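Colleague: sequence? don't have it. structure:
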């Protein structure tokens, strides 16, 4: 922790190291709550997939594997850039050229923000297509293109209900993540001493990776398993 | 900075209460003690709202006919009572009031790890509470506190979404508090305050925080799914289009059973502090009591299916849930036996906090033992959804948690305010609460066993005598809850000064001034002694009005040294 001189230690803490530990531990605990939050939906997925196996198979044929794969790749590249920025800010020594550090961090995080927006655009385009085909669950749901076994029981709706609920909640997290990473890009590229915000960047980075990991589970469950 | 603190030490008049007296200084405070007080005022308010609902439906139940309330109004009242009492009183009661106030003091920290998050949690709590009040004002909700589907998702035409939103918002406050406590207990312990020197109150807060953090999100998602189903008319829980209503019960109880332990573990922590102090003995079996809290917290996640024995879940699942539920009795009994063993050959002073603690031990034992009855599959089928359940969980939550909360408030009142309340009023009130409580809820065991179902505003004539007893008990209990409001406030205004440590208690929190200064300690305490190091001597004290008086002037004094030697 070569940059401890530039960090103001908040009241309850003894030193910068303790403050950093608290920030990171707090973030991990928050992510644990997030896992349980999504966990309820994953349990729902497991229950209904077990009960309505055929409906889930039919439903997943409506998804574009290539499109989903592209979205996954976009997210993973963004995560890599966040990890690189976090590494850069932590490893930078106190006498590093601050201007250069600012430019690098702003570039990495700005690119991540754009990748996040690209992901959301692709996802919303997919929503648009599904809604256009009448596959948004609810009273207007159009099951006519599906085999009778899943159409007449309406079980095909459950696949799309879960798809919209789970990817929708993920998209909401993406919106929050994009705002946070975008905010960091602006903040760090303008700051005199970007290293003051190392804890903040690590925390936001952890959140961003978490949102990615959720997608890493959603992609196979809705697109790949047929 | 250190020398500034020393100068502060000379000025005995400054404490957290008078360090800023404007409304702004309270509403924007980040001092954990002030936030604890804010929570105390808020939950007292919610407690009396939930209590008022209980008064109304207990009045209605005085007669077997529905002559005061319509069935709808009755349903709304018991739902309101459950929702407000569970989420806006019981869950925040000890953690957010006493935990907030005491954890940093007990572990020798200057504040919680994230003071601003702590303040935010109060605002989130109030936002959730106001949503719930809004629901009451515009017409209420009639699903019961459990929001069972498909009634709540398909049929109920009351304000389900709004009520769920209030609880959803409140969940964030729970999570923020739990997260703050865990980080604080991990990282901000004073030098020498190793894990096994922590007071057991802190251990129970740690276990409670784990539950808050890991269970609350599941409730949030379950309530969110109800809202989604009602808004978009999709069929997540609607069997007509392939949904499974039982999935909701699984998700709900995955939160709400652990949440039951959020509502009792902190009470156990309070009792573990009070009993050694007024028996003048170290707590018996410290390690076992500490670990039993973690055992209760972990087992709590594995027993939710015992709420669903008659729901049609698999009988094999029922068997396993039954066995696991009975296992919870082991750590609970460890606590009860160790408190009793602490009393054995102790020098017992029956002060107000001790009366509440002893009441807790007895009533919790009844609540716990009837819990084992209910964990038994065959017996549960007989009494499921009857007053037996109501009596059982009120013995744990009211006889247990509310008694412990009141005991804790009386025990730490001198710490919070520097004032001493009237000891005789305190003791009489403890008796009123104990008697009123038993009269209110013991008849409900009999009612339930005889087959009176819960949640009905009418009942067969032969049950009337028990219902009248219950309503009488409830009104006595009401007196016992209103009285402290007056004598505690009176003592804060006009009571005599308590001194720093009127009970000669041994916890680190008593090393701070009463009331403490803004950042708790003049110098960081160094802890080189175990928790509850009450001297093994016999009657060193006499009981005087309010305080314990040493019979010999030389009581062992604790030394405080600065960690930095400056």
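Modeller: Cool, the structure landed. None of the values given here were measured: they were computed from a predicted structure.
Colleague: from here on, contacts and neighbour counts on C-alpha atoms
Modeller: Will do.
Colleague: so who does the residue lying closest to residue B:112 once chain neighbours are set aside touch?
Modeller: In space, not counting the residues next to it along the chain, residue B:112 is nearest to residue B:184; the distance is 5.6 Å by CA to CA, 6 or more residues apart in numbering or on different chains. Residue B:184 is in contact with A:22, B:104, B:112, B:113, counting by CA atoms under 8 Å, 6 or more residues apart in numbering or on different chains.
Colleague: with residue B:178 instead?
Modeller: B:208, B:209, B:210, B:212, B:213.
Colleague: so what's residue B:334 up against?
Modeller: Neighbour list for residue B:334: B:288, B:289, B:292 [criterion: CA under 8 Å, 6+ apart].
Colleague: and the last one, what element?
Modeller: Yep, that's residue B:292 we're talking about. Taking DSSP states H and E as the definition, residue B:292 sits inside helix B:286-299.
Colleague: same question, residue A:201
Modeller: Here residue A:201 sits within helix A:198-219, counting by DSSP H and E.
Colleague: residues contacting that helix, please?
Modeller: So helix A:198-219 is in contact with A:20, A:23-24, A:27-28, A:31, A:68-69, A:72, A:75-76, A:79, A:82-83, A:86, A:89-90, A:166-167, A:170, A:173-174, A:177, A:180-181, A:184, going by CA under 8 Å, 6+ apart.
Colleague: circling back to that earlier point, contacting residues around the helix holding residue B:292?
Modeller: Here helix B:286-299 makes contact (CA under 8 Å, 6+ apart) with B:196, B:200, B:203-204, B:207-208, B:210-211, B:258, B:261, B:265, B:324-325, B:327-328, B:331-332, B:334-335, B:338.
Colleague: the residues you listed in helices, which ones?
Modeller: Counting by DSSP state H, the contacts of helix B:286-299 place B:200, B:203-204, B:207-208, B:210-211, B:258, B:261, B:265, B:324-325, B:327, B:331-332, B:334-335, B:338 in helices.
Colleague: list the buried ones in the lowest-mean-pLDDT helix or strand in chain A?
Modeller: The helix or strand of chain A with the lowest confidence, counting by mean pLDDT, DSSP states H and E, is helix A:148-151 at a mean of 87. Buried residues in helix A:148-151, counted by 16 or more other CA atoms under 10 Å in any protein chain shown: A:150, A:151.
Colleague: same check on stretch A:96-106?
Modeller: By neighbour count on 16+ other CA under 10 Å, the buried set for stretch A:96-106 is A:98, A:101, A:102, A:104, A:105, A:106.
Colleague: same deal with stretch B:337-345?
Modeller: In stretch B:337-345, the ones that count as buried by 16+ other CA under 10 Å are B:337, B:338, B:339, B:342, B:343.
Colleague: on that earlier part again, the least confident helix or strand of chain A vs chain B: in contact?
Modeller: No. Helix A:148-151 stays out of contact with chain B when judged by CA under 8 Å from any CA of the partner chain, the minimum separation being 10.1 Å.
Colleague: past that helix, which element shows up next along the chain?
Modeller: In the C-terminal direction, the helix or strand that comes right after helix A:148-151 (DSSP H and E) is helix A:155-190.
Colleague: what packs against that next one?
Modeller: Taking 3 or more CA pairs under 8 Å, 6 or more residues apart in numbering or on different chains; DSSP states H and E as contact, the helices and strands that helix A:155-190 lies on are helix A:16-51, helix A:53-60, helix A:98-132, helix A:198-219.
Colleague: reformat the ones you listed as CSV; add distance to residue B:386 and mean pLDDT.
Modeller: Rendered in CSV, the data for these read as follows (distance: least, CA to CA, whole Å; pLDDT from 0 to 100):
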stretch, distance to residue B:386, mean pLDDT
helix A:16-51, 30, 95
helix A:53-60, 39, 92
helix A:98-132, 47, 94
helix A:198-219, 42, 96
